[in-house]
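Student: no sequence on this one, just coordinates:
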Ligand code: PRX
């Protein structure tokens, strides 16, 4: 098994048609229909989205202007009023869906729970009242730091219901990382749990919250709401900390959804970039609701009879858009799973599919590679015949893993939708429609209707077919990020200035390299900036470098990604030490632990290499290209003439 190589991708010629019986019953029945829809949307994107917004969502008040585009700032459905929690819950209660399973939760160890739309609505209304009673108002921010339990979705929907923006922080992040995010978002309240179960261990979430808030380090936070999950003993700070179940039991279940302005902030989600601290990506209500609704519906051919399961964590955008908002807005049954694949339970995913009759399964290439390694005897021992559509997200999928997914899990009957998108895009940008788009292993295929994508050079000139370039989006779309929280300048610089406007048209710079083939299919080649993807988790190399340098032993650090069979990429750190420290394995371990403490276990360096000096240009810039090559174990080739001191490179090579 290998990671995607240019050769394997360039030689990939296989084409898989959607199964005829699947297309026959779908809303979009053929590639010709997709192309017609695409052409219609391209001719007038605003009119296309307006028609769908009217047809698919409930509005308390209709908008006046569909799109107000003052580059790079977009507003969609200006003047419109709606509430996404209403669209995800209330409107289904007047239909037969009232008693349909909205959320099926499979917990660890062995717990499970199903909430119908009526039950979920009730819990969300109660929680919304709890938040109000604790002084949370429309426009406030609420931090959510939770395990994968139904209360995480309830908390998000309750915030949305009263118009408070949520900021979910992945439960694997450290107290330090949590604090940074709470401070930046000026969160008024944090919702957490006493702990969670992860990989056969108990994770002490509340303790991390206590550490994050210690010494009044996040002064905006007035209260902490704690779900009782593990029942491990925890500290409850008098006057600050409250139990979820106690307040929930007392709260009224009557809480009408607040009519929100279409452009009111729905949530802030922090993500890594190539510079500085993580950015708070801001998503607003109307455009995000419509776009996640439409992409979930058409990409997955989502039906009322589906049991849909996305294995992501709600701490990431995938969990926001495709566990919670997209599926629920469609009235679907969405499965939420607390576990992760691990050697002690190599069949866990397949058990969930068999137990609930999952029909649509959406996961990440890193998980697929893990399963390949665990062996096909595990899926083969389960009944997976309920499956009809498979999906993948987060990193390029190598054709070998794609074929395994297709054959072993999909039994050659299930289309695979490889969805390219980002925290910033809110929803799928380039992805097949399961019922309509022929697929090629390793390609995310074509843009979603209404999405105008291109591959260009740094001047914005379109790249010829099959030549690599930078992936850009050339027209605003409803769920695009509106800004970086509190830093509009960074928003402009990060996404809109790398490639200057071309013929007056602004180009959204995605940060990914891509190639478009002669059929107009996109092949994502990976990040072109200093962002790496470890097991599909997005990390900024700068953040890890800052974490390393904050240790007293470290003088200088350079972090690069190196290829890893399972994780796709791993963190490889080059470190020079302060004078009084000497290199040792014990110090390596200490530094790894230090990074875990600063950021979280997902950022733990796979390898640390000590060096006397780092290779730099004459102007003092670290030559990452050389370090990446060294980290991958390959020989340095190409131009090294800008290197200030060649002996540095020789020394690093010898260290291997
Ligand atoms: O590099 C691309 C990669 O993940 C990045 C976005 O990361 P994040 O904001 O954490 O969102 C991940 C889930 C949407 C992208 O810039 N990426 C995401 N999906 C794919 C992908 N790379 C290749 N193929 C994909 N399907």
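Tutor: Arrived safely. Computed from a predicted structure; not experimentally measured.

Student: next one, pLDDT for the residue lying closest to residue 74 once chain neighbours are set aside please.
Tutor: Excluding its sequence neighbours, the residue lying closest to residue 74 (CB to CB, 6 or more residues apart in numbering) is residue 476, at 4.0 Å. No exception for glycine: its C-beta is placed from N, CA and C like everyone else's. As predicted, residue 476 sits at a pLDDT of 98.

Student: what's the neighbour count on residue 476?
Tutor: Counted with other CB atoms under 10 Å, the neighbours of residue 476 add up to 22.

Student: three-state assignment of it?
Tutor: Following DSSP: H, G, I helix; E, B strand; the rest coil, we place residue 476 in the coil state.

Student: wait, it touches residue 69, no?
Tutor: Yes - between residue 476 and residue 69 there is a contact under CB atoms under 8 Å: 5.5 Å.

Student: shared neighbours of those two, which are they?
Tutor: Common neighbours of residue 476 and residue 69 are not found (criterion: CB atoms under 8 Å, 6 or more residues apart in numbering).

Student: spit out the contact partners of the closest residue to the ligand within the stretch 151-300 of the chain.
Tutor: Using CB to the nearest ligand atom, the closest approach of the stretch 151-300 of the chain to the ligand is made by residue 271 at 5.1 Å. Counting by CB under 8 Å, 6+ apart, residue 271 touches 278, 279, 281, 317, 422, 423, 424, 538.

Student: mind checking the SS state of residue 396?
Tutor: Following three-state DSSP, residue 396 is assigned to coil.

Student: now it: how far from residue 133?
Tutor: 47 Å (CB to CB, to the nearest Å).

Student: show me which of those two is the more surrounded one.
Tutor: Shown here are residue 396 and residue 133; by other CB under 10 Å, residue 396 has more neighbours (25 against 13).

Student: OK, contacts around that one?
Tutor: Here residue 396 is in contact with 4, 365, 442, 524, 525, 526, 568 (CB under 8 Å, 6+ apart).

Student: which one of the residues you listed sits closest to the ligand?
Tutor: residue 524 (3.7 Å).

Student: am I right that the closest one is in a strand?
Tutor: Yes - assessed with three-state DSSP, residue 524 lies in a strand.

Student: what about residue 109, neighbour count?
Tutor: Number of residues near residue 109 (other CB under 10 Å) recorded here: 9.

Student: before we move on, what about residue 583?
Tutor: Neighbour count of residue 583, defined by other CB under 10 Å: 17.

Student: can you tell me the SS state at residue 649?
Tutor: Going by three-state DSSP: residue 649 is helix.

Student: wait, it touches residue 616, no?
Tutor: No - Residue 649 lies out of contact with residue 616 (CB under 8 Å); the separation is 10.5 Å.

Student: intersection of neighbour lists for these two?
Tutor: Residues touching both residue 649 and residue 616 by CB under 8 Å, 6+ apart: residue 643.

Student: picking up where we left off before, who's in contact with the residue nearest to residue 74?
Tutor: Residue 476 neighbours (CB under 8 Å, 6+ apart): 67, 69, 74, 76, 508.

Student: the stretch 251-400 of the chain: strands as residue ranges?
Tutor: 260-261, 265-271, 279-284, 307-310, 333-337, 360-363, 389-393 (DSSP state E, counting those that start in this stretch).

Student: average pLDDT across the third one?
Tutor: Here the mean pLDDT over strand 279-284 is 98, rounded to a whole number.

Student: same for it, what does it pack against?
Tutor: Contacting strand 279-284 under the criterion 3 or more CB pairs under 8 Å, 6 or more residues apart in numbering; DSSP states H and E are the following elements: helix 175-185, strand 265-271, strand 483-484.

Student: so which of these is the most packed in?
Tutor: Among the helices and strands packed on strand 279-284, strand 265-271 has the highest mean neighbour count (mean count of other CB atoms under 10 Å), at a mean of 24.

Student: that older thread, beta-bridge partners for the residue of the stretch 151-300 of the chain closest to the ligand, please?
Tutor: Counting by DSSP bridges, residue 271 is bridged to residue 279.

Student: now do the same contact list for the residue nearest to residue 107 when sequence neighbours are not counted.
Tutor: Using CB to CB, 6+ apart and skipping residues adjacent in sequence, the residue nearest residue 107 is residue 338, 4.5 Å away. Each residue near residue 338 by CB under 8 Å, 6+ apart is listed here: 105, 106, 107, 108, 111, 147, 148, 149, 196, 197.

Student: filter those down to the ones near the ligand?
Tutor: Among these, no residue lies close to the ligand (CB under 6 Å from any ligand atom).

Student: which of those residues has the weakest pLDDT?
Tutor: Among the contacts of residue 338, residue 108 has the lowest pLDDT, at 89.

Student: next up, the contacts around the residue nearest to that one when sequence neighbours are not counted.
Tutor: Nearest residue to residue 108, sequence neighbours excluded (CB to CB, 6+ apart): residue 197, at 4.0 Å. Residue 197 is in contact with 107, 108, 109, 147, 203, 229, 230, 338, 339, counting by CB under 8 Å, 6+ apart.

Student: my guess is the fourth one contacts residue 193. True?
Tutor: Yes - with contact defined as CB under 8 Å, residue 147 reaches residue 193; the gap is 5.6 Å.

Student: next, count neighbours for residue 611.
Tutor: Close neighbours of residue 611, defined as other CB under 10 Å, add up to 20.

Student: how much space between it and the ligand?
Tutor: 28 Å (CB to the nearest ligand atom, to the nearest Å).

Student: I figured that residue hits residue 650, correct?
Tutor: No - taking CB under 8 Å as the definition, residue 611 is not a contact partner of residue 650, at 11.3 Å.

Student: mind listing the helices for the stretch 201-350 of the chain?
Tutor: Remark: helices assigned in the stretch 201-350 of the chain by DSSP state H, counting those that start in this stretch are 205-213, 244-250, 285-299, 317-319, 326-329, 348-356.

Student: what about residue 504, how many neighbours?
Tutor: Around residue 504 there are 6 residues (other CB under 10 Å).

Student: for the protein, what's the longest helix?
Tutor: helix 117-133 (DSSP state H).

Student: returning to that earlier point: what subset of the contacts of residue 197 is buried?
Tutor: By neighbour count, with 16 or more other CB atoms under 10 Å, these hold 107, 108, 147, 203, 229, 230, 338, 339 as buried.

Student: quick check: phi and psi at the third one.
Tutor: What it means is residue 147. Geometry field for residue 147 lists phi and psi as phi -80, psi 180, criterion degrees, to the nearest 10.

Student: who's in contact with it?
Tutor: Counting by CB under 8 Å, 6+ apart, residue 147 touches 171, 193, 195, 196, 197, 198, 203, 205, 229, 338.

Student: inside strands: which ones of these?
Tutor: Assigned to strands by DSSP state E, the following of the contacts of residue 147 qualify: 193, 196, 197, 198, 203.

Student: switch those over to a markdown table; also include distance to residue 633.
Tutor: Shown next, in a markdown table, are these (distance: CB to CB, whole Å):
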| residue | distance to residue 633 |
| --- | --- |
| 193 | 42 |
| 196 | 37 |
| 197 | 37 |
| 198 | 31 |
| 203 | 34 |
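
Student: and these, which two are the farthest apart?
Tutor: Pairwise distances across the ones in strands among the contacts of residue 147 (CB to CB) peak at 11.8 Å, for the pair 193 and 198.

Student: more neighbours: which of those two?
Tutor: Taking other CB under 10 Å, residue 193 and residue 198 do not tie; residue 193 has more neighbours (25 against 20).

Student: who does that one form a beta bridge with?
Tutor: Beta-bridge pairing for residue 193 (DSSP bridges): residue 227.

Student: and it, how far is that from residue 265?
Tutor: 25 Å.

Student: could you find the closest non-adjacent residue to residue 450?
Tutor: Using CB to CB, 6+ apart, the nearest residue to residue 450 is residue 41, at 4.1 Å.

Student: no more questions from me, cheers.
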